[in-house]
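Trainee: Here is a sequence together with a model predicted from it:
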Amino acid sequence: MNQAVEVIDVCKKFPMVSGYSDFFLQPLQKKYMMALQDVNLVIPNNELFCILGANGAGKTTLLKILCTLMLPNSGTVLIQGLDVVQHASQIKRLIGYVLSDERSFYWRLTGRQNLQFFARLQNLSPTKTQQKIQALSQSFELSRQLDAPFQTYSTGMRRKLSFIRGLLTDPPLILMDEPSNALDSLSAEQVWQYIREVLINQQGKTVIITEHNLSKVERFADRFAILKNGEIKAVATPHELRQQLTPKNCYQLVLQQPTMGLLHWLATSCEIQQQTVQNDGNLLLEIVFTSPQINYSAWLADLLAVGGRVLSFSPVSHSLENIFSAYYQDV
Ligand SMILES: Nc1ncnc2c1ncn2[C@@H]1O[C@H](COP(=O)(O)OP(=O)(O)OP(=O)(O)O)[C@@H](O)[C@H]1O
């Protein structure tokens with residue numbers, strides 16, 4: 001089985017809380033909001049896949065359906081070929097999950113006792129449990145706090161304990177809701193490095209993550225999906241989307257205090273898409289060459305000949321942040 005996850009035409013709706021007026025005017029009519037609409041996704045094994053979306057886009061709902069905590073209203077979800085509705089208990093053994101609204105730890109027990117408890121629930125032997133707790137608490141730098149009561153943990157430490165619990169049984173598929181959330185920047189970096197290098201590259205696992213930190217996604221993820229109002233708007237690698245959204249022959253040019261005459265020449269030789277005057281009076285331009293066979297060195301030589309003082313000239317490459325906002329604005 002090469003596909004870790006297949007999501008086919010999945011919809012999820014939630015009843016909307018109605019006010020008194022709705023209750024009296026239309027007592028029998030229940031209103032719903034669509035949290036997920038016809039979602040389709042295929043995620044192969046050994047991929048680090050990210051689900052991106054603004055607040056309320058449906059990311060957590062999708063993750064909860066994948067880890068069998070919530071059922072879809074329609075559609076099919078297969079985890080390693082097993083249906084989440086029919087084979088939920090089998091699927092639970094294949095996945096580890098780390099959700100952001102974690103409330104299931106026992107506050108009076110220590111971190112270690114909590115982990116031992118959840119390991120017992122999952123039939124992990126005491127020896128294996130001890131080995132895993134030791135190795136994982138070292139990786140997530142939580143060894144020193146393991147014997148303190150959970151109620152004394154900071155939010156970041158609680159998050160780290162959730163990671164350890166999600167990985168205790170060595171599941172092949174791991175689902176994480178916003179792993180960087182509540183972690184300081186150094187810990188967030190360590191967690192992402194661990195996911196990429198240990199879980200994906202060394203252990204060959206599949207990891208699905210929801211995330212708001214786009215720079216982390218750009219550096220570490222293999223592919224991502226953009227979810228907007230419960231619908232998938234794009235599924236691609238960061239490189240593929242950048243190519244799709246960047247017009248061909250689009251360049252960034254910085255000129256030192258150009259004259260009006262120079263700008264006029266520029267407007268006749270290319271299309272100026274954007275221009276910004278910088279603090280020092282220099283001009284930052286985004287330009288597009290309409291002719292596909294442009295000779296860049298000849299064009300730059302002409303620009304210098306008409307008095308242009310070029311500080312930089314480079315192809316435009318959109319960041320994942322630009323791509324994300326482009327999808328959120330007009331798609
Ligand atoms: N149990 C629920 N009952 C009613 N509505 C819900 C429920 N859970 C989620 N929703 C609604 O479904 C939509 C999607 O919520 P979801 O939590 O999946 O979004 P999200 O993308 O994870 O957001 P965030 O980034 O803020 O965590 C939201 O409009 C939310 O209000």
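Mentor: Noted; the coordinates are in hand.
Trainee: hey, where'd the strands end up in the chain?
Mentor: Counting by DSSP state E, the chain has these strands, from start to end: 3-15, 32-44, 48-52, 74-79, 82-83, 95-98, 173-177, 206-210, 223-228, 231-236, 250-255, 271-277, 283-288, 310-315.
Trainee: Redo those as TSV? Include mean pLDDT and distance to residue 114.
Mentor: For the C-beta atoms, the positions are set from N, CA and C on the backbone; glycine is no exception. Listed next are the strands of the chain as TSV, based on pLDDT from 0 to 100; distance: least, CB to CB, whole Å:
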stretch	mean pLDDT	distance to residue 114
strand 3-15	95	28
strand 32-44	95	30
strand 48-52	95	27
strand 74-79	97	26
strand 82-83	96	29
strand 95-98	92	14
strand 173-177	95	18
strand 206-210	96	23
strand 223-228	93	32
strand 231-236	92	36
strand 250-255	91	52
strand 271-277	90	53
strand 283-288	92	53
strand 310-315	91	52
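Trainee: Generate TSV for these, with mean neighbour count as supplementary columns.
Mentor: Formatted as TSV, the strands of the chain follow (neighbours: other CB atoms under 10 Å):
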stretch	mean neighbour count
strand 3-15	17
strand 32-44	17
strand 48-52	24
strand 74-79	18
strand 82-83	15
strand 95-98	23
strand 173-177	23
strand 206-210	25
strand 223-228	22
strand 231-236	17
strand 250-255	18
strand 271-277	12
strand 283-288	17
strand 310-315	12
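Trainee: What residues does the chain have near the ligand?
Mentor: If contacts are counted using CB under 6 Å from any ligand atom, the residues of the chain sitting beside the ligand are 14, 33, 35, 53, 55-61.
Trainee: Could I have the buried ones of those residues as ChimeraX selection syntax?
Mentor: Command for ChimeraX that selects the buried part of the residues of the chain next to the ligand, burial taken from 16 or more other CB atoms under 10 Å:
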select :35,53,57,58,59,60,61
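Trainee: Quickly name whichever of the residues of the chain next to the ligand is closest to residue 274.
Mentor: When the residues of the chain next to the ligand are ranked by distance to residue 274 (CB to CB), residue 53 comes first, at 26.9 Å.
Trainee: That closest one against residue 227, yeah?
Mentor: Yes. Using CB atoms under 8 Å, residue 53 and residue 227 qualify as a contacting pair, with a distance of 3.7 Å.
Trainee: so what's in contact with the two at the same time?
Mentor: Contact criterion CB atoms under 8 Å, 6 or more residues apart in numbering; residues bridging residue 53 and residue 227 by contacting each: residue 59.
Trainee: quick one on the thing from earlier: do you know which of the strands of the chain lies nearest residue 126?
Mentor: Taking CB to CB, strand 95-98 is the member of those nearest to residue 126, at 19.4 Å.
Trainee: which residues of the stretch 51-200 of the chain fall in helices?
Mentor: Remark: helices assigned in the stretch 51-200 of the chain by DSSP state H, counting those that start in this stretch are 59-66, 88-94, 111-121, 126-139, 155-167, 185-193.
Trainee: helices or strands up against the third one?
Mentor: What it means is helix 111-121. helix 126-139, helix 155-167 (3 or more CB pairs under 8 Å, 6 or more residues apart in numbering; DSSP states H and E).
Trainee: same thing with the fifth one?
Mentor: For helix 155-167, the contact count by 3+ CB pairs under 8 Å, 6+ apart identifies strand 95-98, helix 111-121, helix 126-139, strand 173-177, helix 185-193 as packing neighbours.
Trainee: Tell me which of these lies nearest to residue 65.
Mentor: With distances scored as CB to CB, the stretch of those nearest to residue 65 is strand 173-177 (10.3 Å).
Trainee: C-alpha coordinates for the closest one, PDB please?
Mentor: Provided in PDB are the C-alpha atoms of strand 173-177 (Å, rounded to 0.1, in the frame of the first residue of the first chain):
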ATOM      1  CA  LEU A 173       1.400   7.900  10.600                       C
ATOM      2  CA  ILE A 174       1.600  10.900  12.800                       C
ATOM      3  CA  LEU A 175      -0.800  13.800  12.800                       C
ATOM      4  CA  MET A 176       0.100  17.100  14.500                       C
ATOM      5  CA  ASP A 177      -2.000  20.200  15.000                       C
END
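Trainee: Now do the contacts for residue 249.
Mentor: Contacts here follow CB under 8 Å, 6+ apart; on that basis residue 249 touches 288-290, 292, 294.
Trainee: What number of residues are in the vicinity of residue 204?
Mentor: If you count neighbours by other CB atoms under 10 Å, residue 204 ends up with 10.
Trainee: is it true that it touches residue 46?
Mentor: Yes. Residue 204 sits in contact with residue 46 when judged by CB under 8 Å, with a separation of 5.0 Å.
Trainee: picking up where we left off before, among the helices and strands packed on helix 111-121, which is the most enclosed?
Mentor: Mean neighbours per residue, mean count of other CB atoms under 10 Å, is largest over these for helix 155-167, with a mean of 21.
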